[in-house]
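> Give me the fold of what follows.
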Amino acid sequence: MADQIRTDEISAIDRAAGARPKRRPEWIKVRAPSGETYEMVRGLMRSKQLHTVCEEAMCPNLGECWGAGTATFLMLGDTCTRSCRFCDIKTGRPAPLDWQGPNGIAQSVKAMNLRHVVITSVNRDERPDGGAPIFAMVIRRIRQVQPGCSIEVLIPDFKGSRDALKIVMDAQPEILNHNVETVPRLFRQVQPQDHYEWAEATLRNAKEMDPLALTKSGIMVGLGETFDEVVAVIEDLASWDVDILTIGQYLQPSKKHMPIDRYYRPEEFSELKRIGLELSFKWIESGPLVRSSYHAEQQVRQLSQRYQFRLRGEH
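The predicted structure is shown next:
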């Protein structure tokens, strides 16, 4: 394969990188959001006072996804109890939970006539259940108002709580997603209130609780990890029986956030994908602008056909 490169060659590139990059390379190109469908989705979000991780996390694919009529809804408020250094969502003391939020999201899913929806949230560590009951509520409410819509939930780690996770899994989402984000060595620096062991427990337990659900995780690159450390995480995720993997370039939201150590080249993303596909993953998205929800609908639809499982929301 022409785009394969050897791991030792990539490690040499790592060592030679030197100073942190100041300018984005030519393969990091983001189109400004525009178009009729984009404006429709944006207006719908504003009218219902909904939050999306697309905007809160400054996703580079916002224009593409909203232009296609899809979005990732953000629940449990717009204030996170954790202070991850890669994320642009604000940190602080959150407002009380909005127990009517699931209904507003479900009605928006119906208004947009979505076939697949991604639901995520901030962390709510002040609650023992981490807000898990609201995840279950929104899954069930979407199933009521928009039958046939598949549902992906991108959840916090709930501090590794089995009880909180079980609340979500009992509602039977098609995809249970939790991102490891980075390599174990950088956890304390990148996401100081998270633990690699909590991520492992979340993904392992989800598959144990519902073997028919697809599990998914993602990692950012360019934060100071080595190529071999990324491969080790990919191997860990495969051993945890994760089905879907996303790998993307970290982009610094502002100067106060974690600096970019280096930009990975397109052929490096291709090599990581090749390595992953030799393991047990059913689907891998790997590229500079890949984010957790990128091509999410394609994943669930094509995998349901390939592996002949029935989507839970279909009658």
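
> quick one: low-confidence parts of the protein?
Applying pLDDT under 70 to the predicted model, the residue ranges of the chain that meet it are 1-22, 30-71, 294-295, 297, 308-315.

> residue boundaries of the strands in it?
All strands of the chain, identified by DSSP state E, fall at 51-52, 72-75, 79-80, 90-91, 116-121, 150-154, 175-177, 214-221, 244-249, 283-286.

> and the ones you listed as TSV, adding mean neighbour count?
C-beta here means a position set from N, CA and C on the backbone, and glycine is covered the same way. Converted to TSV, these look like this (neighbours: other Cβ atoms under 10 Å):
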stretch	mean neighbour count
strand 51-52	20
strand 72-75	25
strand 79-80	19
strand 90-91	14
strand 116-121	24
strand 150-154	25
strand 175-177	26
strand 214-221	25
strand 244-249	24
strand 283-286	21
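
> could the ones you listed go into CSV alongside distance to residue 164?
As requested, the strands of the chain are exported to CSV (distance: least, Cβ to Cβ, whole Å):
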stretch, distance to residue 164
strand 51-52, 21
strand 72-75, 14
strand 79-80, 17
strand 90-91, 21
strand 116-121, 12
strand 150-154, 12
strand 175-177, 13
strand 214-221, 16
strand 244-249, 22
strand 283-286, 26
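
> Please name whichever of these is nearest to residue 105.
strand 72-75 (5.0 Å; Cβ to Cβ).

> Burial check on residue 188, number of neighbours?
Residue 188: 11 surrounding residues under other Cβ atoms under 10 Å.

> cool, and residue 97?
Using other Cβ under 10 Å as the criterion, residue 97 is surrounded by 15 other residues.

> Give the full set of residues in contact with residue 182.
Taking Cβ atoms under 8 Å, 6 or more residues apart in numbering as the contact definition, residue 182 lies against 86, 190, 191, 219, 220, 223, 225.

> And the helices in the stretch 101-250 of the chain?
Listed in chain order, the helices found in the stretch 101-250 of the chain under DSSP state H, counting those that start in this stretch are 101-112, 132-145, 162-169, 187-190, 196-209, 227-239.

> right, and these - which one's nearest residue 254?
Between residue 254 and the helices of the stretch 101-250 of the chain, the shortest gap by Cβ to Cβ is with helix 187-190, which sits at 15.5 Å.

> hey, C-alpha coordinates of the closest one in CSV?
The C-alpha coordinates for helix 187-190 follow below in CSV (Å, rounded to 0.1, in the frame of the first residue of the first chain):
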residue,chain,number,x,y,z
PHE,A,187,-4.2,12.2,31.1
ARG,A,188,-3.2,14.3,34.1
GLN,A,189,-1.9,17.1,31.8
VAL,A,190,-4.8,17.0,29.2
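
> for that helix, the distance to its chain's centre please.
18 Å (Cα atoms, centre = their mean, to the nearest Å).

> who touches the residue nearest to residue 90 when sequence neighbours are not counted in this structure?
Leaving out its chain neighbours, the residue that sits closest to residue 90 by Cβ to Cβ, 6 or more residues apart in numbering is residue 79, at 5.5 Å. Taking Cβ under 8 Å, 6+ apart as the definition of contact, the neighbours of residue 79 are 89, 90, 91, 92, 93, 94, 95, 122.

> export the residues you listed to CSV and tack on distance to residue 262?
As requested, the contacts of residue 79 are exported to CSV (distance: Cβ to Cβ, whole Å):
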residue, distance to residue 262
89, 25
90, 28
91, 27
92, 32
93, 36
94, 34
95, 38
122, 29
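
> could I get the helices of the stretch 101-250 of the chain as TSV with distance to residue 181?
Shown next, in TSV, are these (distance: least, Cβ to Cβ, whole Å):
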stretch	distance to residue 181
helix 101-112	24
helix 132-145	19
helix 162-169	18
helix 187-190	7
helix 196-209	8
helix 227-239	10
